[in-house]
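Participant: build me a model from this:
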Amino acid sequence: MATPSFAIPVLEALIAAGHQIEGVYCQTDKPSGRGRRLESSPVKEFALARGLPLFQPPTLRRPESQGELAALKPDVIVVAAYGKILPPPVLQIPPLGCLNLHPSLLPKYRGPSPVVSAVLEGERVTGMTIILLDEGMDTGPILAQGTMEIVQTDNAETLTQRLFKKGAEMLIEILPIWAQRKTQPQVQDESQATLSRKISKEDGQIDWQLPAEVIARRVRAFYPWPGTHTFWRGKLLKILEATPLQAQIEGEIGTVVREPEGEVGIITGQGLLAIKRLQLEGHRAVSIRDFLQGYRDFMGSRLT
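Facilitator: Purely as a prediction, here's the structure:
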């Protein structure tokens, strides 16, 4: 059970390890683009290309959907960013339970945005956890857990991809051990639990009063969605890549300046934010160097 592209390595690993895939579940097709045409999810496209049985029930709460799933007689259900809550009757179908790959070191950052939260908080280490699903929100007992360093070049997209590749490796290792009951799931320590929140489009608007370090983390955490943006000459300006600078330059917060080393930066509440890549509304993404060639009046202007 999975939907986005970063979950595909999990399915690939299961196939490569020789497991029999009785069915692939993903979310229903969603309208996309200006024409609002229905668009298939990456996992659906992968399953169809491999000739795997595909299921897209709008909900798993209906008895007919649960009966359809039970008829497959799965030994285990693997959940990797499916995007739906599994009701209790579904959890009881497979004898080996439902195993969920969660991209954090549970019980830290339960909920919908664990990777984004880890980057936002400036964590240096995160990880992947495989749990046996119960009725709670990421509260089930832990079957396997592995750590991963967060590097400065990581954004939410690259870090998520790396975590699920690691999760795929962990899953293939733990599945036969779990099938033989040679491991005991470990109950999570509730005293250490934290909850990540759902991210909205509004979270991406930049407040230049914040320190450059905090804004830079937001740029990384909110890439590719919802993205971080400001406004210039009345148009939305996306900041796609940026790094914090310790240099201090006098001026009004939000002003575009050039620091002594030649970097183009924005004055923030603390330090400068060096801009690397950006995208003006209605235009393609470019480097700051290319942007300045087309908009020389950007230097010295103030972003709102």
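Participant: so His283 lies in a strand, does it not?
Facilitator: No: assessed with DSSP: H, G, I helix; E, B strand; the rest coil, His283 is coil; it does not lie in a strand.
Participant: got the confidence number for it?
Facilitator: Predicted confidence (pLDDT) for His283: 96.
Participant: counting neighbours, what do you get for it?
Facilitator: Applying other C-beta atoms under 10 Å, we find 14 residues neighbouring His283. Backbone N, C-alpha and C define where each C-beta goes, glycine included.
Participant: do the same with His102
Facilitator: Counted with other C-beta under 10 Å, His102 comes out at 25.
Participant: what sits against the residue lying closest to it once chain neighbours are set aside?
Facilitator: Spatial nearest neighbour of His102, excluding adjacent residues (C-beta to C-beta, 6 or more residues apart in numbering): Thr129 at 4.9 Å. When contacts are counted by C-beta atoms under 8 Å, 6 or more residues apart in numbering, Thr129 is found next to 101-106, 142, 144-145.
Participant: list the contacts of the residue nearest to Lys235 when sequence neighbours are not counted.
Facilitator: Nearest in space to Lys235, with sequence neighbours left out and distances taken as C-beta to C-beta, 6+ apart, is Glu281 at 4.3 Å. Counting by C-beta under 8 Å, 6+ apart, Glu281 makes contact with 235-237.
Participant: leaving out chain neighbours, which residue sits closest to Pro185?
Facilitator: Pro141 (3.4 Å).
Participant: buried ones only from the contacts of Glu281, please, as a PyMOL command.
Facilitator: Selecting just the buried residues from the contacts of Glu281 in PyMOL takes one command, with 16 or more other C-beta atoms under 10 Å as the test:
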select buried, resi 237
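Participant: now, which of the contacts of Glu281 sits nearest Ala80?
Facilitator: Leu236 (33.4 Å; C-beta to C-beta).
Participant: now the longest strand along the chain: mean pLDDT?
Facilitator: Longest strand in the chain, counting residues (DSSP state E): strand 235-245. Regarding strand 235-245, the rounded mean pLDDT is 97.
Participant: mind giving me the packing neighbours of the helix or strand following it?
Facilitator: The helix or strand immediately downstream of strand 235-245 is strand 256-258, counting by DSSP states H and E. Under the contact criterion of 3 or more C-beta pairs under 8 Å, 6 or more residues apart in numbering; DSSP states H and E, strand 256-258 touches strand 264-267.
Participant: name the strands paired with the strand it packs on and say parallel or antiparallel.
Facilitator: Sheet partners assigned to strand 264-267 using DSSP bridges are listed as strand 256-258 (antiparallel), strand 272-280 (antiparallel).
Participant: that strand - what's its average pLDDT?
Facilitator: On average, strand 264-267 scores 96.
Participant: about what we covered before: just put the contacts of Thr129 in TSV and tack on secondary structure.
Facilitator: Shown next, in TSV, are the contacts of Thr129 (three-state DSSP):
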residue	secondary structure
Leu101	strand
His102	strand
Pro103	coil
Ser104	coil
Leu105	coil
Leu106	coil
Ile142	strand
Ala144	strand
Gln145	strand
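Participant: circling back to that earlier point, and the residue nearest to Lys235, backbone torsions?
Facilitator: Backbone geometry at Glu281, expressed as degrees, to the nearest 10, gives phi -50, psi 130.
Participant: show me where this structure has helices.
Facilitator: Along the chain, the segments classed as helices by DSSP state H run 8-16, 42-50, 63-70, 88-91, 114-120, 156-179, 212-221, 288-294.
Participant: and the contacts of the third one?
Facilitator: Same thing as helix 63-70. Contacts with helix 63-70, where a contact means C-beta under 8 Å, 6+ apart, come from 23, 25, 55, 57, 59-60, 87, 89-90, 93.
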